[in-house]
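[1] I'd like to go over a predicted model; first the sequence, then the structure.
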Amino acid sequence: MPATLPLFLDCDPGIDDAIALAYLCCQDDVDVVGIAASGGNVAAAQVVENTRGWLSLAGRSDIPVHAGHSLPLARQALQMDPQSSETGTGEAMEYADLTHGETGRGYARLPTPSGPVSSVTAAQAWVDAAHAHPGQLLGVVIGPATNLALALEIDPDLPSLFNRLFIMGGAFNYRGNTHPTTEWNVTFDPESTAQVLAAFDRTNQEERLAHLPVIAPIEATEAVEMTPERLADILDGASANRADECWRSVLAQLAEALRFYFEFHESDGLGYLAHIHDPFVLACALSWARQHTTASTGTEPDGSDSDAREASAPVPVRGIAGDLPWASTLWAPVDVELTGTLTRGETVADWLGRWGRPVNAEIIRAIDAPAFLDHLSTILMKGPPA
């Protein structure tokens, strides 16, 4: 089957990111245009090495990896402001090493990546990918949104070039996993998420996007729990399916990474298990895109033309939303708190319409976790297509 789904992935491996990368390597109809390796769970340079290491282990060093910016937007602004009394570095950067290990790999051991990192920055790579696949590119952000925000500074018209954008991040009316009300990806760079939402909101009001961005917050994705029992079933299933040695090596190192992740969740009082947010968001995006892909002829799978699709694009109102796989969703206006002394980085949805703003996102509220986990297990047992 030819690769028909152009995808650009922005990630910050991270253990659940690594599972998402493994899932991606098993897809035979996806054209991975590029991967941005963004600072977040660990520093950007380590994220680049982790991303390349997991891809090398899976035999996919052909996928271009683009280095992301080393600082979130607020620190970049301080660094560039000659009037600022700050140095641009301030306090030491905080990373999620307690969650993912000092290297972001848990106990996994990865090969030294072969070949150079792409000379194209992550931000420019976003722009190039969107222009190379206008109206078709699926954008998936499972780390901080820093590089997509920078890409929008290069080309503010990017939102009109996407098929759809999927974001893992945020916590709506929910306890946080970073600060009391905030989720890690958004907390790491709240300005970037705010700028991305504002850009898509502005484009939607001007041009009426066919599909609003999807946000998968932690109150939904925490339902996706990997357990030692399910992991053992995946490893046994791969052996039963006679997966090749390369893929068995990938799964073995994922198991070592997950062993660290299990220990972290247990130390955090959640039990010996792991919340694997990122593979769900990637899989949801790909499954949705397969149902909504516009063929190169400009026709929908049912034969309707692209002009008709644009004319019938939904104008969502507050309330129940669409048809995402394994998920129930709601539409709402969304913004990010940037100045609160206790709540900086909190994602806020105006469920009751108090702001008077138009809807700008589809928010996943609940996930059929057992069904998705069965799907994930089956894919990982089979491994990449021969």
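    That came through, no problem.

[2] Can you find the helix or strand in the protein with the smallest mean pLDDT?
    The element with the least model confidence among the helices and strands of the chain, by mean pLDDT, DSSP states H and E, is helix 306-311, at a mean of 35.

[3] Next up, the contacts around the closest residue to residue 38 other than its chain neighbours.
    Here the nearest residue to residue 38 in space, its sequence neighbours aside, is residue 68; by Cβ to Cβ, 6 or more residues apart in numbering that works out to 3.6 Å. Where C-beta positions appear, they are placed from N, C-alpha and C, glycine not excepted. For residue 68, the contact set (Cβ atoms under 8 Å, 6 or more residues apart in numbering) comprises 10, 12, 36-39, 44, 47-48, 121-123, 146-147.

[4] those strands in the stretch 201-350 of the chain, which residues are they?
    Applying DSSP state E, counting those that start in this stretch to the stretch 201-350 of the chain gives strands spanning 214-216, 225-226, 274-275, 319-320, 327-332, 334-336, 347-349.

[5] so where is the stretch 151-300 of the chain shaky, pLDDT-wise?
    Confidence mapping of the stretch 151-300 of the chain against pLDDT under 70 gives the ranges 294-300.

[6] picking that back up, adding mean neighbour count and distance to residue 195 as columns, could you present the strands of the stretch 201-350 of the chain in CSV?
    Formatted as CSV, the entries for the strands of the stretch 201-350 of the chain read as follows, by neighbours: other Cβ atoms under 10 Å; distance: least, Cβ to Cβ, whole Å:
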stretch, mean neighbour count, distance to residue 195
strand 214-216, 27, 15
strand 225-226, 20, 32
strand 274-275, 24, 27
strand 319-320, 10, 27
strand 327-332, 21, 19
strand 334-336, 23, 9
strand 347-349, 23, 14
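
[7] got these as a markdown table, with distance to residue 371 columns?
    Converted to a markdown table, the strands of the stretch 201-350 of the chain look like this (distance: least, Cβ to Cβ, whole Å):
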| stretch | distance to residue 371 |
| --- | --- |
| strand 214-216 | 16 |
| strand 225-226 | 13 |
| strand 274-275 | 17 |
| strand 319-320 | 20 |
| strand 327-332 | 10 |
| strand 334-336 | 26 |
| strand 347-349 | 25 |
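
[8] what about residue 61, is that helix, strand or coil?
    Of the three states, residue 61 takes coil under DSSP: H, G, I helix; E, B strand; the rest coil.

[9] again with residue 31
    Classification of residue 31 using three-state DSSP returns strand.

[10] can you pull the contacts of it?
    Going by Cβ under 8 Å, 6+ apart, residue 31 touches 3, 4, 5, 6, 7.

[11] Tell me how far the last one lies from residue 47.
    Computed as Cβ to Cβ, to the nearest Å, the residue 7 to residue 47 distance reads 18 Å.

[12] These two: which is more packed in?
    Between residue 7 and residue 47, counted using other Cβ atoms under 10 Å, residue 47 has the larger neighbour count: 28 against 25.

[13] Would you map the helices across the stretch 1-150 of the chain?
    15-25, 44-57, 73-80, 97-100, 122-132, 146-154 (DSSP state H, counting those that start in this stretch).

[14] Quick check: which of the ones you listed is nearest to residue 191?
    Closest approach to residue 191 among the helices of the stretch 1-150 of the chain (Cβ to Cβ): helix 73-80, 4.1 Å.

[15] Can you list the helices and strands that that closest one packs against?
    Where contact means 3 or more Cβ pairs under 8 Å, 6 or more residues apart in numbering; DSSP states H and E, helix 73-80 is packed against helix 146-154, helix 190-207.

[16] could you redo the last one with a cut-off of 6 Å?
    Taking 3 or more Cβ pairs under 6 Å, 6 or more residues apart in numbering; DSSP states H and E as contact, the helices and strands that helix 73-80 lies on are helix 190-207.

[17] Now do the helix it packs on: everything it contacts.
    Among residues not part of helix 190-207, those counted as contacts by Cβ atoms under 6 Å, 6 or more residues apart in numbering are 73-74, 145-146, 148-149, 152, 159-160, 186, 213, 334, 336, 338, 345, 360.

[18] now stretch 244-257
    Against stretch 244-257 from outside (Cβ under 6 Å, 6+ apart): 15, 18, 22, 57-59, 105-108, 231, 235, 238, 383.

[19] try stretch 110-128
    34, 36, 48, 52-53, 56-57, 61, 64-68, 147-148, 150-151, 154-155.

[20] Kindly supply the PyMOL command isolating those of these that are buried.
    Restricted to the buried members of the contacts of stretch 110-128, where burial is judged by 16 or more other Cβ atoms under 10 Å, the PyMOL selection command reads as follows:
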select buried, resi 34+36+48+52+53+56+57+61+64+65+66+67+68+147+148+150+151+155
